[in-house]
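K.L.:
this is a predicted model, with the sequence first.
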Amino acid sequence: TDMFGDLRKPGDAAFVAGHRGDRSAAPENTLAALQRALDSPLEFVETDIARSSDGVPVLFHDRTLKRTTDGVGPLADKTLAELKALDAGSWYAPEFAGERIPTLDEFLTILAPSGKKALLELKGFWSLDELAAVTNSLEAFGVTDRVIFMSFNLGSLSSAAALAPTVPRVAILRSLPDDVVGYARSFGVIGVVTDATLLAERPELVDEMHHAGLGIMVYTLNSVATWAEARALGVDGIITDKPSSLDVWLADT
Ligand code: G3P
Ligand code: CA
């Protein structure tokens, strides 16, 4: 069975995804960071999708604006126009002053011609109506067959299953239930993504998942040693903050 639909076949080497773009080179989840990840040899880019108060999908990680913009308060309370007035780059380095919070459509405008694949994390709960804005954009840009939905939120995954049943879905797990295979099957996901330190406590889980036709990915690996360990375990995907360093390492091995 194909664990990731047409995106990946069993036995393929682990794919690598740039976490929030390339956040070691540019402010996370801005077009600058995403473009850098798309320009690298990486197969995937990972990003987080949130929603403005007027329902527009935007790329943003935190619930509140404080850490990565010059705004304050919950992102979900602001209209797109209010979000677009914020500086999402200066906190990172002066040369990125003026970077904005991107809309999903702005990201898809650069993803589509790149030919790359994307792990799209749905932050929080998305109802069917809310998620339609995301799936309509994926259709409009012709990238529906190059994305995987991920979420900590099982409600969002079930909205995705209903609206875009052909798009693979992955559950993000903060802790590992005893029966991860049963859990994944009951939610209709193709696999799970979890913290590498949790998997290190249960390395046999990789084989269990594979025998069940399911995949397992890990985050966030930022050193040669941890990458090597994950690859030796046989994980299907690795999420890293340092896509550029990984390329150098893979070229050496
Ligand atoms: O890949 C999973 C990871 O992205 C989830 O954690 O907080 O970086 O979105 P976070
Ligand atoms: Ca994420």
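P.N.:
Sure, I can see it. Ligands and ions are numbered 1, 2, ... in the order given.

K.L.:
what is the neighbour count of the residue of the chain found nearest ligand 2?
P.N.:
For the chain, the residue closest to ligand 2 is E121, as judged by C-beta to the ion, at 3.9 Å. Quick note: C-beta positions are derived from backbone N, CA and C, even for glycine. Neighbour count of E121, defined by other C-beta atoms under 10 Å: 25.

K.L.:
before we move on, what about P74?
P.N.:
By the criterion of other C-beta under 10 Å, P74 has 12 neighbours.

K.L.:
swap in S53?
P.N.:
14.

K.L.:
which parts of the stretch 101-250 of the chain sit against ligand 1?
P.N.:
121, 172, 193, 219, 239 (C-beta under 6 Å from any ligand atom).

K.L.:
just name the closest of those residues to A212, please.
P.N.:
V193 (16.0 Å; C-beta to C-beta).

K.L.:
can you check the pLDDT for that closest one?
P.N.:
Model confidence at V193, expressed as pLDDT, equals 97.

K.L.:
where do the strands of the stretch 1-150 of the chain begin and end?
P.N.:
Assigned by DSSP state E, counting those that start in this stretch, the strands in the stretch 1-150 of the chain fall at 15-19, 44-51, 57-59, 117-122, 147-151.

K.L.:
including mean pLDDT, could the ones you listed go into JSON lines?
P.N.:
Putting the strands of the stretch 1-150 of the chain into JSON lines (pLDDT from 0 to 100) gives the following:
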{"stretch": "strand 15-19", "mean pLDDT": "91"}
{"stretch": "strand 44-51", "mean pLDDT": "97"}
{"stretch": "strand 57-59", "mean pLDDT": "99"}
{"stretch": "strand 117-122", "mean pLDDT": "97"}
{"stretch": "strand 147-151", "mean pLDDT": "98"}
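
K.L.:
can you pull out the helices in the stretch 51-200 of the chain?
P.N.:
80-84, 104-114, 128-141, 154-163, 180-186, 196-201 (DSSP state H, counting those that start in this stretch).

K.L.:
ok so, going back, could you dump the strands of the stretch 1-150 of the chain into CSV with distance to T226 added?
P.N.:
Formatted as CSV, the strands of the stretch 1-150 of the chain follow (distance: least, C-beta to C-beta, whole Å):
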stretch, distance to T226
strand 15-19, 12
strand 44-51, 17
strand 57-59, 26
strand 117-122, 19
strand 147-151, 20
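
K.L.:
now stretch 228-239: mean pLDDT?
P.N.:
Stretch 228-239 carries an average pLDDT of 89.

K.L.:
chain center to it, what's the gap?
P.N.:
Relative to the mean C-alpha coordinate of its chain, stretch 228-239 is positioned 17 Å out (C-alpha atoms, centre = their mean, to the nearest Å).
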